[in-house]
Structure formats: structure tokens, C-alpha cells
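>>> can you look at this prediction? I've put the sequence above it.
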Amino acid sequence: MPEMTSGTALRHLQAAQAGMKKVRQAMRLAKGDPDSLVRISRAGWQSLAATHKQLSEIPYEAASEPVMTKQLAVQRYATSLLVRLRRIARNEVGTVDDDSDDLDD
């Protein structure tokens, strides 16, 4: 298996963030529909799991300054998604669409 480069790592991180962003957009569209939010929360959990797997697979040799900066942004985005998923699990669906965190780096 070839060694991962910084460029490849950045592409993986961007793809992970794009997947989480799609889930958050779906959550906004499903506002007011608890059944849809539960289905979307499952997809959100899978996206989080895939993101963490991708983060863990980046070797130290590929961890350049831009990669580490993007990794920080992706981790903040993942945390924001996890907060929303927790709100859905707690049945606090009215606060799911609060996008005041501005994490669209």
C-alpha cells in the first residue's frame, strides 16, 4: 500500500467534512419531522464514525501544517454534529437547526 501524502490526507479530510455537511443540511430540511430526524441521525452517526476512522488513518508523515489545520476544522465540525445528534437523542429537536457556530471552514 502506498504511503499517504499530505495532499491525499487533505482530500480525505475535505471529503469527511463534506459528508458531515450533507447530514447537517438534511437535518435542517427535516426540521419539524421527528421521524426523519431519527433516520438522519443514524446517517449522521455513520458519518461521524467514518470521519474518525479517516482521521485516525492519517500517518504522522502526512501531518503537515495545512493537514493539521484542516484536521482541527474537521474535528470542530464533528463535535458540532455530535452536539446536534445528542439533542435529537434527547428529543430536543427544536434546537437542531441552531447553526450559530459558523464552522463551515
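The structure has been received and is ready for your questions. Numbers count the residues shown, from 1 in each chain.
>>> which ones are touching Lys22?
Taking Cβ atoms under 8 Å, 6 or more residues apart in numbering as the contact definition, Lys22 lies against Ser47. Where you see a C-beta, it was placed from the backbone N, CA and C, and this is true even at glycine.
>>> gap between it and Thr51?
12 Å (Cβ to Cβ, to the nearest Å).
>>> equivalent analysis for Ile40, please.
For Ile40, the distance to Thr51 (Cβ to Cβ) stands at 16 Å.
>>> elements contacting the least confident helix or strand in the chain by mean pLDDT?
The weakest-scoring helix or strand in the chain, judged by mean pLDDT, DSSP states H and E, is helix 34-56 (a mean of 93). Counting contacts by 3 or more Cβ pairs under 8 Å, 6 or more residues apart in numbering; DSSP states H and E, helix 34-56 is packed against helix 6-29, helix 65-89.
>>> compare those and give me the one nearest Glu57.
When the helices and strands packed on helix 34-56 are compared for distance to Glu57 using Cβ to Cβ, the nearest one is helix 6-29, at 7.7 Å.
>>> quick one: that closest one to helix 65-89, angle?
Angle between the axes of helix 6-29 and helix 65-89 is 20 degrees (criterion: axes from the mean of the first three to the mean of the last three Cα atoms, to 10 degrees).
>>> send me helix 6-29 as CSV with only the CA atoms.
This file holds the C-alpha atoms of helix 6-29, laid out as CSV (Å, rounded to 0.1, in the frame of the first residue of the first chain):
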residue,chain,number,x,y,z
SER,A,6,-0.3,15.5,2.6
GLY,A,7,-2.4,16.1,-0.4
THR,A,8,-4.2,12.8,-0.1
ALA,A,9,-4.8,13.5,3.6
LEU,A,10,-6.3,16.9,2.8
ARG,A,11,-8.6,15.3,0.2
HIS,A,12,-9.7,12.7,2.8
LEU,A,13,-10.4,15.4,5.3
GLN,A,14,-12.4,17.5,2.8
ALA,A,15,-14.5,14.5,1.9
ALA,A,16,-15.2,13.7,5.5
GLN,A,17,-16.3,17.3,6.2
ALA,A,18,-18.5,17.3,3.1
GLY,A,19,-20.2,14.1,4.3
MET,A,20,-21.0,15.7,7.7
LYS,A,21,-22.1,18.9,6.0
LYS,A,22,-24.7,16.9,3.9
VAL,A,23,-26.0,15.4,7.1
ARG,A,24,-26.4,18.8,8.8
GLN,A,25,-28.2,20.1,5.7
ALA,A,26,-30.6,17.2,5.8
MET,A,27,-31.2,17.9,9.5
ARG,A,28,-32.2,21.5,8.6
LEU,A,29,-34.5,20.2,5.9
